[in-house]
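Colleague: No sequence on hand, only this structure:
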């Protein structure tokens, strides 16, 4: 198989966000561990529907709808992360 193209697995990158200092009487200003934003790979359908959501939010002056479209286009909208446990009967 030297001349075939192999599809490799796509690994999504994760970004970290800084968290505020823990405020307490007894502790100093020690930085806390950063949180990780999980990302999935958006499909072409996600990109198109996210762009339409962004357009709808900007035309109707609704920043929340526009932001939801941006999150859907980037794959950070949280879809696919709320799976429940399967029960085998």
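Modeller: Thanks, I have the structure now. What you see is a predicted model; the values in this text were computed from it and never measured. Residues are numbered from 1 along each chain as shown.
Colleague: what's the weakest-modelled helix or strand in this structure?
Modeller: Across the helices and strands of the chain, the lowest-confidence element by mean pLDDT, DSSP states H and E is strand 15-17, at a mean of 65.
Colleague: Following element in sequence after that strand, please.
Modeller: Going down the chain from strand 15-17, the next helix or strand is strand 35-37, by DSSP states H and E.
Colleague: So for that following strand, what gets flagged as buried?
Modeller: Within strand 35-37, no residue counts as buried by 16 or more other C-beta atoms under 10 Å. Backbone N, C-alpha and C define where each C-beta goes, glycine included.
Colleague: taking the mean pLDDT, what do you get for it?
Modeller: Strand 35-37 carries an average pLDDT of 76.
Colleague: Report the buried residues of the next helix or strand after that strand.
Modeller: For strand 35-37, the succeeding helix or strand toward the C-terminus, using DSSP H and E, is helix 44-59. Of all the residues in helix 44-59, those buried under the rule 16+ other C-beta under 10 Å are 46, 50, 53-54, 57.
Colleague: so what's residue 40 closest to, chain neighbours aside?
Modeller: Excluding the flanking residues, the one nearest residue 40 by C-beta to C-beta, 6 or more residues apart in numbering is residue 75, at 4.6 Å.
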